[in-house]
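just coords:
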């Protein structure tokens, strides 16, 4: 049986150094021009601290299933999650993995001009060369066979995945994979949840694509269910 994070090897690079940081629920995988484990750990601890302190003051932020507005005085990561949830029509915690990945990734750009951050299948990417990101879709025959080709001029980029059949993330749908591309990883994460929620069967793929198109800031989407796949927007799909 493969590790839950085996898909981490599906991001092609070969020229970057890999490392990862674990803190409580966060198990984040990085690739950069050099090992930045200490810097990443410090950044992660800081952003988690801001988020945990805010949740301690506003417990509903953790459990809300609907969009919520926060004040301008709220921590930046809280505001990013809130804004993404409002745009996608979901609760703010639907954006947490993408928001954390981007917050830490942007901090590390001070030390590395290229950075790949993967947090539970949600990716923040800044690259100077073309890269491919594999698509994992559970038991679908497309799983592990396709990759998104990412051009450097399209980054910074968030690439986030929601699934109703893989993993522990909450999804009201049954898609094997909904992959969203957006300039904001928090938005990509929230939008993946929103689109995944309407993808209950192969017949729902067109409806899911329309849902993605309706979310401001979404650049592209791939929806996979069983033996069927649909795509829209700025996505270039190549064989893995």
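In hand now; what should we look at? As the structure is a prediction and not an experimental result, all values here were calculated from the model.

and residue 125, how many neighbours?
26 (other C-beta atoms under 10 Å). For glycine as for every other residue, the C-beta is placed from the backbone atoms N, C-alpha and C.

Please apply the same query to residue 95.
33.

My assumption is that it lies in a strand; please confirm.
No. Read with DSSP: H, G, I helix; E, B strand; the rest coil, residue 95 is helix and lies in no strand.

my read: it touches residue 187, true?
Yes. Using C-beta atoms under 8 Å, residue 95 is in contact with residue 187, at 7.1 Å.

Name the residues contacting each of those two.
Common neighbours of residue 95 and residue 187 (criterion: C-beta atoms under 8 Å, 6 or more residues apart in numbering): 84, 88.

Mind listing what's buried along stretch 200-214?
The neighbour-count check on stretch 200-214 (16 or more other C-beta atoms under 10 Å) flags 200, 202, 204-205, 208-209, 211-212 as buried.

starting at the chain centroid, how far to it?
Centroid separation for stretch 200-214 versus its chain: 19 Å, with C-alpha atoms, centre = their mean, to the nearest Å.

again, but for stretch 120-132
The answer for stretch 120-132 is 10 Å, by C-alpha atoms, centre = their mean.

average pLDDT across that stretch?
For stretch 120-132, the mean pLDDT works out to 93.

Ok, stretch 178-196 next?
Mean predicted confidence for stretch 178-196 is 96.

likewise stretch 43-61?
The model assigns stretch 43-61 a mean pLDDT of 96.

got it, and stretch 150-168?
For stretch 150-168, the mean pLDDT works out to 82.

With stretch 32-39 instead?
Across stretch 32-39, pLDDT averages out at 97.

Residues contacting it, please?
Outside of stretch 32-39, the residues within contact range by C-beta under 8 Å, 6+ apart are 16-17, 19-21, 30, 107-108, 111-116.

Kindly check the end-to-end length of stretch 219-232 for me.
End-to-end distance for stretch 219-232, by C-alpha to C-alpha, to the nearest Å: 9 Å.

Now do that stretch: everything it contacts.
Outside stretch 219-232, the residues that touch it by C-beta under 8 Å, 6+ apart are 135, 137, 140-143, 148, 154, 157, 174-183, 191, 195, 199, 201-202, 204-206, 208-209, 212-213, 233-235, 237.

ok, now with 7 Å
Contacting residues not belonging to stretch 219-232 are listed as 135, 137, 140-142, 174-183, 195, 199, 201-202, 205-206, 208-209, 212-213, 233-235, 237 [C-beta atoms under 7 Å, 6 or more residues apart in numbering].

need the strands for this protein, in chain order.
17-23, 26-32, 115-119, 122-126, 131-134, 146-150, 157-162, 177-182, 218-225, 228-233, 237-239 (DSSP state E).
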